[in-house]
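Student: Generate coordinates for the sequence data below:
(chains A and B)
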There are 2 protein chains.
Amino acid sequence: MFTEISADEHDRQLELHGPLTAAVRRLVEAGISTGADSETIRQAQLAVEAIAETLEQQRHDGPRTMRHAVTGRPVVLADPVIGVRNAIAPPLTVQHTESGRCWTEFTLGAPYEGPPGRVHGGICALVLDHILGEVASDGLRQPRFTGTLTLKYLRATPLGRLRAEAWVERIEGIKAFARGQILDDEGVTVEAEGIFIAPAWAREAG
Amino acid sequence: MFTEISADEHDRQLELHGPLTAAVRRLVEAGISTGADSETIRQAQLAVEAIAETLEQQRHDGPRTMRHAVTGRPVVLADPVIGVRNAIAPPLTVQHTESGRCWTEFTLGAPYEGPPGRVHGGICALVLDHILGEVASDGLRQPRFTGTLTLKYLRATPLGRLRAEAWVERIEGIKAFARGQILDDEGVTVEAEGIFIAPAWAREAG
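Tutor: Numbers count the residues shown, from 1 in each chain, chains lettered A, B, ... in the order given. Have a look, this model is predicted:
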């Protein structure tokens, strides 16, 4: 269903785009924290527009989602949670254990802040939707889309170093029931449970 | 509880930072869509780093959240959903009707994509958490934080022009029960309901 990407080409894309995306992430954060005068801000704006224009001159017309030739997993370079080419993504690197669980450790700074010093509740939802979706779809190999997602916020999640984990509780026909949580040093801050459903086209193909 | 920002200073911040943030948003999208050669990518990376470094030389040490002198509402310039200084934010401009409802119309492009051509489920959750939180806290004037949030995905949400709306169903003591939805041209794609709770410090202050 997806175009294959070789392991070499995948590594090449990561090496090529990872540093640019990291630089753009730094720029996003600088835009929030800067106290530069208006002339400096205006010059920065013009310089950023010039870079964007250069990059836009050659468009990448290939698919944004491909299948990794070795792991068999979709490669989603542009994803807003894990995408190596998307500066919105923290990005998360989701680990898959042999027992089928997923976990990831990551750092959220100023761009993800809601209340002062705390992660925006919707960003917690974004992270949990993603990691529950990954575990429910066996590392994205069995397409299953979010049906329902319930989040319970036990306490505020501080900015900084965090962990998220998810596991499948059971599978019933086309539905996978997944659970997960976000943790800081003190324990769980947000719990999630979700039902993920195989789309009709995947059921027919399966 | 928050430092006040005058209407003039607020407008000045919007005029100063809005165009820079828009340029960074364009750059985020260019990073996803570009097919430029490796030399161009590498040059872009160095140029972006140089701009970030310039902006970082003067830090803005004031509070990231202030209270607007005229509307009385918090001004959250860095917020990842509505922040004028945050390139992660689409950004949403949330409208408050006299009857107490909230709505917003916005466009989501490639940076918010999950499955091909569709909005990432977690981005829908981010938008709904935010707009339900705004309506539940009376335009952020009565602090109430997300307690639980339940999302029901009726069908995939296409990238492009969308609408989100939210309203309070009832208030019981420290809890506000809110509902909302995301819609495309054909109708509702995701429904949400949430319970938002006044934090202890706000109850004591109130």
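Student: Centre-most residue in chain A?
Tutor: Here the mean C-alpha position of chain A is nearest to the C-alpha of A:V81 (CA atoms, centre = their mean), at a distance of 1.2 Å.
Student: mean confidence for the longest helix seen in chain A?
Tutor: Of all the segments of type helix in chain A, defined by DSSP state H, the longest one is helix A:7-33. Helix A:7-33 comes out with an average pLDDT of 93.
Student: for stretch A:105-116, same thing?
Tutor: Taken as a whole, stretch A:105-116 has a mean pLDDT of 95.
Student: Centre of the chain to that stretch, how far?
Tutor: 14 Å (CA atoms, centre = their mean, to the nearest Å).
Student: Wondering if it reaches chain B at all.
Tutor: Yes: judged by CB under 8 Å from any CB of the partner chain, stretch A:105-116 comes into contact with chain B through A:A110, A:P111, A:Y112, A:E113, A:G114, A:P115, A:P116. For the C-beta atoms, the positions are set from N, CA and C on the backbone; glycine is no exception.
Student: Would you map out the domains in chain A?
Tutor: Dividing chain A into domains by automatic domain parsing, as the record does, gives the ranges A:1-90, A:92-205.
Student: Adding distance to B:I5, write the ones you listed out as TSV.
Tutor: Shown next, in TSV, are the domains of chain A (distance: least, CB to CB, whole Å):
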stretch	distance to B:I5
domain A:1-90	15
domain A:92-205	15
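Student: Break down chain A into its strands, ranges please.
Tutor: With DSSP state E, the ranges of strands along chain A come out as A:3-5, A:65-68, A:74-76, A:95-96, A:102-108, A:145-153, A:160-172, A:175-184, A:187-197.
Student: Name the residue most distant from the centre of chain A?
Tutor: In chain A, the greatest distance from the average C-alpha position (CA atoms, centre = their mean) is reached by A:E39, at 34.9 Å.
Student: got any ranges where chain A has weak pLDDT?
Tutor: Counting by pLDDT under 70, the ranges of chain A that qualify are A:1, A:64, A:139-140, A:202-206.
Student: Please report how far A:H17 lies from B:A36.
Tutor: When CB to CB, to the nearest Å is applied, the distance between A:H17 and B:A36 equals 10 Å.
Student: now swap in A:D138 and tell me
Tutor: 35 Å.
Student: who has more neighbours, the two?
Tutor: B:A36 (21 against 18; other CB atoms under 10 Å in any protein chain shown).
Student: surely A:L183 meets A:T189?
Tutor: Yes: taking CB atoms under 8 Å as the definition, A:L183 is a contact partner of A:T189 at 6.6 Å.
Student: neighbour-wise, which of the two wins?
Tutor: Using other CB under 10 Å, the more surrounded residue of A:L183 and A:T189 is A:T189, with 19 against 16.
Student: Tell me which residues touch that one, please.
Tutor: A:T189 sits next to A:C124, A:Y153, A:L154, A:R155, A:A156, A:T157, A:Q181, A:I182, A:L183 when contact means CB atoms under 8 Å, 6 or more residues apart in numbering or on different chains.
Student: And for the first one, the neighbour number?
Tutor: Looking back up the chat, that one is A:C124. Other residues near A:C124 come to 31 when the count uses other CB under 10 Å.
Student: The closest residue to it other than its chain neighbours pairs with what?
Tutor: Using CB to CB, 6 or more residues apart in numbering or on different chains and skipping the chain neighbours, the partner closest in space to A:C124 is A:V190 (4.7 Å). As for beta bridges, A:V190 partners with A:Y153, A:I182 under DSSP bridges.
Student: my read: A:V190 touches A:L149, true?
Tutor: No: using CB under 8 Å as the test, A:V190 is too far from A:L149 to be in contact (11.6 Å).
Student: any common contacting residues for these two?
Tutor: Common contact partners of A:V190 and A:L149 (CB under 8 Å, 6+ apart): A:L128.
Student: who's in contact with A:G18?
Tutor: Applying CB under 8 Å, 6+ apart to A:G18 gives the contacts A:V84.
Student: how does it look with 10 Å?
Tutor: Contact analysis of A:G18 by CB atoms under 10 Å, 6 or more residues apart in numbering or on different chains lists A:V84, A:R85, A:P91, B:Q45.
Student: With A:H130 instead?
Tutor: Applying CB under 10 Å, 6+ apart to A:H130 gives the contacts A:79-82, A:89, A:92, A:94, A:102, A:104, A:146, A:164, A:166, A:180, B:114, B:120-123, B:125.
Student: hey, what's the nearest residue to A:T93 once chain neighbours are set aside bridged with?
Tutor: Spatial nearest neighbour of A:T93, chain neighbours left out: A:T104 (6.0 Å); criterion: CB to CB, 6+ apart. Each beta-bridge partner of A:T104 is listed here: A:A164, as defined by DSSP bridges.
Student: Double-check A:T104 against A:E134; I have them as touching.
Tutor: Yes: with contact defined as CB atoms under 10 Å, A:T104 counts as touching A:E134 (9.1 Å).
Student: Now the common contact residues for the two.
Tutor: Shared contacts of A:T104 and A:E134, counting by CB under 10 Å, 6+ apart, come down to A:V81, A:I82, A:L92, A:V94, A:A166.
Student: For the last one, which non-adjacent residue is closest in space?
Tutor: Leaving aside its sequence neighbours, A:A166 sits nearest to A:G180 (CB to CB, 6+ apart; 3.2 Å).
Student: Next one: that neighbour from A:T97, what distance?
Tutor: A:G180 sits 13 Å away from A:T97, going by CB to CB.
Student: Between those two, tell me which one has more neighbours.
Tutor: For A:G180 against A:T97, the residue with the higher neighbour count under other CB under 10 Å is A:G180, and the figures read 28 against 11.
Student: How many neighbouring residues does A:R170 have?
Tutor: Counted with other CB under 10 Å, the burial measure for A:R170 works out to 8 neighbours.
Student: pretty sure it contacts A:A178?
Tutor: Yes: counting by CB under 10 Å, a contact exists between A:R170 and A:A178, whose distance comes to 9.4 Å.
Student: Contacts only, for the residue nearest to the centre of chain A.
Tutor: By CB under 10 Å, 6+ apart, A:V81 lies in contact with A:88-92, A:94, A:104, A:106, A:123, A:126-127, A:129-131, A:133-134, B:114, B:120, B:122-123.
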